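**Student:** Take this sequence and fold it.
(chains A, B and C)
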Amino acid sequence: MKTEITLTINGEAVQEAVTPRTSLADLLRDNLRLTGTHLGCEMGSCGACLVMLDGAPVHACLVLAVQASGHTVKTVEGLNESGEIADLQQNFYERNALQCGFCTSGMMMSAQALLAANPGPTRDEIRDALSGNYCRCTGYEAIIDAISATAAQRMTNAGEAQ
Amino acid sequence: MTSEKAHIGQSYRRESALRHLSGRGQFVTDLALPRMLHAAFVRSPMARGKIVELGVDDAAGSPGVVRVFTAETLNGKCEPWIGTLDHFANMQSSTQNMLADGEVLWVGHPVVMIVAHSRAEAEDACELVMMDIEDDMAVVDGNAALMADSPLASSGISSNMCFQTVLETPDLESAFAQAAHVVEGNFNFGRHTAVTLEPRAIIADFDRSTGQLNVHHGTQTPYQFQDVYARHFGLSEGKVRVIAPDVGGSFGMKLHVYNEEMATVAASLTIGRPVRFVADRLESFVSDIHARDHRVSARMALDADGTIVAMDVDDMTQIGAFSTYPRTSVAEGNQVIRLMGAPYRMPDYRGRLSVVFQNKVQTSQYRAVGHPIACAVTEALVEYAAEKLELDPFEIRQRNLIADDAYPHTSATGYQFEKLSHQASLEKLRALMRYDTLRDEQATLRKQGVYRGIGIATFVEITNPGATFYGVGGARISAQDGAVVRLTPAGDVHCAISVTEQGQGTETIIAQVVADQLGVTPDKVKVVTGDTDTTPSGGATWACRGAGIGGETALRAGRKLQAQILTLAGEILQADPTHLKLANGAVVDATTGNERITLAEIGRIATYRPDTLPNGCDNSLTAAQHFAPSGYPFDFTNGVQASYVEVDIETGITRLLKHWVVEDCGRIINPLLVDEQIRGGVVQGLGPAFFEECLYDDIGQMTNATLAEYLVPMAGEMPDIEIAHIETPTLDTILGAKGVGEAGTAAAGAAAMNAVNDALRPLGARISQTPMTPLRILKALGHV
Amino acid sequence: MKSPAFEYMRAESIAAAMTAYAEADGDAVYLSGGHSVVPSLALRLQAPALMVDLSEIPTLSGISLEGEWLRIGAMTRHVQAITDPLINKYAPLFSAAAPYVAHPAIRNRGTLGGSLAHADPASEFPAVAVAIRTELEIASPTGIRRVPADEFFLDIYETAIAPGEILQAIYIPVPVAGQVIGFDEIARRRGDYAMVGAAVQAVMTDSIVTDMSISLFSVGDRPTRAASAEVALQGRVIDNASIADAQAALSDDLSPTDDPQFPAHMRVLLARVLLGRVLSNLKVVA
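**Tutor:** Numbers count the residues shown, from 1 in each chain, chains lettered A, B, ... in the order given. Okay, the predicted model is just below:
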């Protein structure tokens, strides 16, 4: 039996009929073809599937699509198009903070949430914020550097704005 | 003004990174084809047993199920495979096919395949399969497997010994007899696995109307699989297309033949619809190849002054129930015994290798094949010797490294080194890590009860392998690569090449190399990889060959096209081509550099106005080139790593404080990408040194087969890594590049083990097993 | 790793949830943050006919001071233990423990009630609940009752919540003068389940321990009060001697299971080390 759900995804109203067992990740990837959200373990251990649910990163593999009904979801596609992570993307690009790219959207979700809560994190705080994001390719250092650089730029820009 | 070598050596960024950052990656797992079906497998729950009965009727009737396959209904579609090669004398392995037939040989062995409208429905049906398996005694431990009374790991072998070999120099025994010092150790290297973040993924799409099989496959070696699918399913090669789009990590794990991929192809051939298989993480742990699993006993003989005179090594490695296909599971052991002592002048050597079957997941080639084992054993023994002779770790290495001016050199194990830079690397490392300051800091902290350790590991890396590696053994694994470079009608450059991209930046460096040959910027060079229909055939990505072999192929193809363009330009301009060259997107006067005609104009004339060219003038603007290494059998590289750790001696927890690497990969095409290859590689070496291990119980059950229990290295525990380079180009190629993919992984664990032992030394403790878990460290300390 | 099929019902009240549960003849599972239930479905460790989603029930949310008690609604997310000023002030041990619970994204979604009801003996929050003597408010079809944390955790994944009942809220006695706390754990990697963990709350009067509560986790089938260690510290100054006595007493308090990867005596050893470190670093909170 399918259940009707309505939610806002990347600013657009979405209405779908899903089986209750469908995870939010499968809804995004299979039904809506938002394939920038990835599945690496399907049990909340790798961080590849992080999306913003009501503004905070959550594992899309651990949330049922039916539970997200009535809520607001943002995926990497939405964050990309809105421009709100443009500086983070640029720093990841410049620093080569990704190789295969499979962990990348999850990394950016964690980074974005960290910088919102803690605009000037230390390297250790960044590493801590990424403690649930697995990357097999980079060894993490470039990712830490890219997030650190973004934090510094945002602090400078915020200072100039004042 | 663009100089001739403007782009090689620059840190160009990767265009494909922009796609990933925008959520526009194109992985096999992202692909959905019309009428696509989904596969799931019922797997053996036990390590060794006989299949008494399979009941699949309920599964076949489960909602959404299209087809249920067993060995009886599927295996006949595929020519079986055997994981042996001719150049490994007397090796044996049982015949394999897609689904377990009669006997199950490891926990995870696929028995039944379900094809359904969704993966969830396929999994529902898996639960309805009735499987009656009679438990047999499993072979779990490699030493026990070699006992006379041991059961066999499969019914198709005469003993559990897959392969044995010995390398020995004539004077080995006397070297040990006359040695002033002998140090020795027994080492245990745990079994671990690749854990690529994107699991293995394949979509096989057979079109009955045309007989065309398209396979979208997350692999590093599309041509190898085109050949495998054509031969094993009786198709003509031209009707098989393998496409490897973005691949979410590979590291050697995605070039082996797996039961599930073959079964997926067979299912599509049978049903005539696209069939998708994506291993979930639980399946990955019990079906992706595992790595390492070596027990090594080794000793080293030294003169009174600390000169290494010989090593004697015995490696027993445990590979699972089969040798993998088509590369075998013995290549790693072979490299282990050949890389022992490689950085040193050591004249005498004996290496014994035993490759043993057991009822576990197959092990095979994974990043830095054999290197971490050989490096850890050699460097640990060097450290033991330094301790015994009271020499500083730098001092003992300085006394023994092959001198930078003593090349070419042939190792005691028969490897030929063209030119390495151990001495310069060691010196550079010492300055980079501020060794003396670090030693002072260590001594100060030790007085405060803080146990820090410094570990060094020198290494040699095998790159750019030639055909002697696999081809001579009968494997259809290409040692050559091919490129087709063309000038487009608008004057841009297109390069289709057989080497592949998994995020390491292959496409970027190929663009840099081609750009330099054609006087354009790399952004004008579109590089296409990973599709057997659109690229020339070649070996692709394995054993560190993308830059060295792929780069040289691209360079030669670029030069060929350069000559064609200049010839054509000569005709158009009525000029002598030797007085022309390419720069800034144009043909320019070779002496003055003045522009004569743009590439865009050449493209336009050749394409749209060939009628204006002189009679008989060849308007081709496409060049094809293949290249195989023909000089040394391998281009060896070298380097040295250092690790700084702090051991909490009360809990056994180790904190990784810092890591340093000095590396020599010859000509550096892109410094940024080289450094990030090294960083990633280091962490892939530190993972199994401290965390990663496939744990098995005594009946062959893997007990930590989830990502919550198998510990991969995460950001919080990994150190920052400082890198420096020495550049010794190979003279075997014009480009001079060697590989760098294995360098980080090769020695990181060895350096870390030496560092931990350096921290434990004042307490009289020593560890020689990886991963170095808190339990093992506390045991070494005698606390538990 | 796809869940088996089930029906889903989003409950709007506790009564509605319990009715739905009852109508499923017990073949139902309550869902809050889903961070224990959903993975267990993906692993096909359970296959309920019905999932009753509690996460949108208004009465399960909210954090408020009720006299001498802080009431934390069961649906409070882990992250709120870090960010909420009332929790920071009145339940500081929850705040101290929260950063150790899994990873940031898990904490955004996982609930305090869910963590307590799941009763994983390796989890931080159950141990904290025991250390600070919380009372757990359970709704059943016949009424509401409060169970002290000491009596709440019964076994591995087993609590005083009977089938069909719902954990509504956590009641925490507000700190008294002289209260000190300590929390730490030994884990292989950040956010991993601890090899051993310790949550400590004490009351000090003129530097003398007048009340001591030591709750260890990952040492047995449930969060474990170290009663002998507590006695060893009672009435004493916390110094090297009393800490050593408390550490020694742990062998009477703990009898962990043996595992080849983690022998029982290693767990006791780590518990001793950890207890010593936590006792040496107690922080005054009131």
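**Student:** Next one: the residue of chain B at minimum distance from chain A from A:M108, what distance?
**Tutor:** With Cβ to the nearest Cβ, the shortest gap between chain B and chain A falls at B:G23, namely 2.3 Å. Every residue, glycine included, has its C-beta placed from N, CA and C. Noted for B:G23: a distance of 9 Å to A:M108, by Cβ to Cβ, to the nearest Å.
**Student:** Looking at these two, which has the bigger crowd around it?
**Tutor:** Taking neighbours as other Cβ atoms under 10 Å in any protein chain shown, B:G23 and A:M108 compare with A:M108 leading, 29 against 22.
**Student:** who touches both of B:G23 and A:M108?
**Tutor:** A:V76 (Cβ atoms under 8 Å, 6 or more residues apart in numbering or on different chains).
**Student:** next one: phi and psi at the residue of chain B closest to chain A?
**Tutor:** The phi/psi pair for B:G23 (degrees, to the nearest 10) reads phi 80, psi 20.
**Student:** Equivalent analysis for B:I308, please.
**Tutor:** According to degrees, to the nearest 10, B:I308 has phi -70, psi 130.
**Student:** doesn't B:P343 make contact with it?
**Tutor:** No: in this structure B:I308 lies outside contact range of B:P343 using Cβ atoms under 8 Å: 9.9 Å.
**Student:** overlap in contacts of the two?
**Tutor:** B:N400.
**Student:** and B:P465, that's in a helix?
**Tutor:** No: B:P465: not assigned to a helix; according to DSSP: H, G, I helix; E, B strand; the rest coil it is coil.
**Student:** Just the pLDDT for it.
**Tutor:** pLDDT recorded at B:P465 is 88.
**Student:** Next, see if stretch C:145-161 gets close to chain B.
**Tutor:** No: for a cut-off given as Cβ under 8 Å from any Cβ of the partner chain, stretch C:145-161 has no contacts with chain B; the smallest distance is 15.5 Å.
**Student:** tell me the contacts of residue 131?
**Tutor:** Just going to use chain A. A:S131 touches B:M714, B:A715, B:G716, C:H103, C:P104, C:R189, C:R190, C:G191, counting by Cβ under 8 Å, 6+ apart.
**Student:** that's the other chain; I wanted chain C
**Tutor:** C:L93, C:A199, C:V200, C:Q201, C:S213, C:I214, C:S215.
**Student:** Among those residues, which pair sits farthest apart?
**Tutor:** C:L93 and C:I214 (11.9 Å; Cβ to Cβ).
**Student:** Pull up the overlap in contacts between the two.
**Tutor:** Between them, C:L93 and C:I214 share these contacting residues under Cβ under 8 Å, 6+ apart: C:A131, C:A199.
**Student:** what's near enough to touch B:R241?
**Tutor:** B:Q212, B:L213, B:N214, B:V215, B:Q226, B:D531, B:T532, B:D533 are the contacts of B:R241 under Cβ under 8 Å, 6+ apart.
**Student:** between these, which has the most around it?
**Tutor:** With neighbours defined as other Cβ under 10 Å, the most crowded of these is B:V215; it has 26 neighbours.
**Student:** And the next helix or strand past the host helix or strand of it?
**Tutor:** Assessed by DSSP states H and E, B:V215 sits inside strand B:212-217. Downstream of strand B:212-217, the first helix or strand assigned by DSSP H and E is helix B:222-232.
**Student:** From the contact counts, what lies against that following helix?
**Tutor:** If you count contacts as 3 or more Cβ pairs under 8 Å, 6 or more residues apart in numbering or on different chains; DSSP states H and E, helix B:222-232 packs onto strand B:212-217, strand B:240-243, helix B:259-271.
**Student:** Would you mind finding the most buried of those?
**Tutor:** Burial of those is given as mean neighbour count (mean count of other Cβ atoms under 10 Å in any protein chain shown); helix B:259-271 ranks first at a mean of 24.
**Student:** Distance from the chain centre to that one, please.
**Tutor:** Distance of helix B:259-271 from the chain centroid (Cα atoms, centre = their mean, to the nearest Å) equals 26 Å.
**Student:** ok, then the element right after it?
**Tutor:** strand B:275-278.
**Student:** Tell me if that following strand is near chain C.
**Tutor:** No: on the criterion Cβ under 8 Å from any Cβ, strand B:275-278 is out of touch with chain C, staying 10.3 Å away.
**Student:** Contacts made by that strand with the rest, please.
**Tutor:** B:28-29, B:31, B:33, B:36-39, B:115, B:119, B:199-205, B:260-261, B:263-264, B:267-268.
**Student:** Mind telling me what element A:N157 is part of?
**Tutor:** helix A:141-161.
**Student:** What helices and strands are in contact with that helix?
**Tutor:** helix A:86-95, helix A:104-117, helix A:123-129, helix B:671-690.
**Student:** buried residues in the shortest one?
**Tutor:** Of the residues in helix A:123-129, those scored as buried under the neighbour-count criterion (16 or more other Cβ atoms under 10 Å in any protein chain shown) are A:E125, A:I126, A:R127, A:D128, A:A129.
**Student:** For the nearest residue to the last one once chain neighbours are set aside, give its distance to B:T529.
**Tutor:** Which is A:A129. Computed as Cβ to Cβ, 6 or more residues apart in numbering or on different chains, the closest residue to A:A129 that is not its neighbour in sequence is A:L114, at 4.0 Å. Relative to B:T529, A:L114 is positioned 35 Å away (Cβ to Cβ).
**Student:** between the two, who's got more neighbours?
**Tutor:** B:T529 (24 against 21).
**Student:** hang on, that one packs against B:Q504?
**Tutor:** No: B:T529 lies out of contact with B:Q504 (Cβ under 8 Å); the separation is 11.5 Å.
**Student:** now the residue in the stretch 151-286 of chain C that chain B sits nearest to, what's its secondary structure?
**Tutor:** Using Cβ to the nearest Cβ, the closest approach of the stretch 151-286 of chain C to chain B is made by C:R190 at 3.7 Å. Judged by three-state DSSP, the three-state class of C:R190 is coil.
**Student:** how about the nearest residue to it, chain neighbours excluded?
**Tutor:** Closest residue to C:R190 apart from its sequence neighbours, by Cβ to Cβ, 6+ apart: B:G716 at 3.7 Å.
**Student:** Show me where the stretch 1-150 of chain C has its strands.
**Tutor:** C:7-10, C:28-31, C:50-53, C:63-66, C:69-73, C:135-140, C:143-148 (DSSP state E, counting those that start in this stretch).
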